[in-house]
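Enquirer: Would you be able to build a 3D model of this:
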Amino acid sequence: MCLEHLDEVLKIEELSFPSPWSRSSFIYEITQNQFACYIVAVAEEKVAGYGGMWLILDEAHITNVAVHTDYRMNGIGGALMVELIRRAILRGASRMTLEVRPSNTAARRLYASLGFKDIGLRKRYYTDTNEDAIIMWKDNLATGSQLCPAGRNY
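Expert: A predicted model of the protein is given here:
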C-alpha cells in the first residue's frame with residue numbers, strides 16, 4: 001500500500017467498519033511504523049481491498065482486512081490473507097493473531113479455513129458497539145497444508 005491508495009482505502013474503511021481508521025492513522029502506519037506491512041488488492045484499476053499487519057519478533061498481528069462491497073464474495077479477502085501470511089513467513093513470523101467480531105461470520109469462516117483457531121475473548125473490545133472480540137491464532141504459519149486449503153481459489 002502506498003499513499004496514492006489512501007482515498008480508496010478510506011472509502012473501503014468507511015463501508016466496512018462502524019469506527020473507521022483515520023487518514024492520519026494510515027499515513028503513520030505506511031510511512032513511520034517500522035513493524036507494519038500493508039497491502040492492497042486491485043481489480044479493474046481500483047483498490048478492491050486491503051489488509052495490514054504488524055510484525056514483532058516471530059509474531060504477526062492482523063490489524064485490518066477489508067474488501068469493497070462491490071468486490072465481496074470473490075475470494076479477495078482470502079487472497080489478501082494468504083498474501084499477508086506469505087509475507088509474515090518471509091519476515092520470520094511463525095504465528096499470527098487477529099481479533100474478529102462474533103457477528104462477522106464470513107470473516108470467521110475464512111480465518112478458520114486458513115487454520116486460525118478461537119483461543120479467547122476480549123470483552124467489549126469494539127468500543128463503537130461494545131461487542132466482544134474473538135481472539136484467533138494460527139501457529140506454525142509455514143504449514144503449507146493450511147495456507148491454501150484444497151478446493152479454495154484465492
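
Enquirer: pretty sure Ile135 contacts Lys123?
Expert: No. Assessed by Cβ atoms under 8 Å, Ile135 is found out of contact with Lys123, at 11.1 Å. Glycine gets a C-beta too; all of them are placed from N, C-alpha and C.

Enquirer: Which one's more surrounded, those two?
Expert: Neighbours were counted for Ile135 and for Lys123 using other Cβ atoms under 10 Å; Ile135 has more, 17 against 8.

Enquirer: Contact partners for that one?
Expert: 97-99, 118-122 (Cβ atoms under 8 Å, 6 or more residues apart in numbering).

Enquirer: Can you give me the pLDDT of the nearest residue to it once chain neighbours are set aside?
Expert: Leaving out its chain neighbours, the residue that sits closest to Ile135 by Cβ to Cβ, 6 or more residues apart in numbering is Gly120, at 4.2 Å. Gly120 is assigned 94 on the pLDDT scale.

Enquirer: Where does Gly120 fall, secondary structure wise?
Expert: Counting by DSSP states H and E, the element that carries Gly120 is strand 117-126.

Enquirer: how many neighbours does the closest residue to Glu59 other than its chain neighbours have?
Expert: Excluding its sequence neighbours, the residue lying closest to Glu59 (Cβ to Cβ, 6+ apart) is Arg95, at 5.6 Å. Residues lying near Arg95 (other Cβ under 10 Å) number 14.
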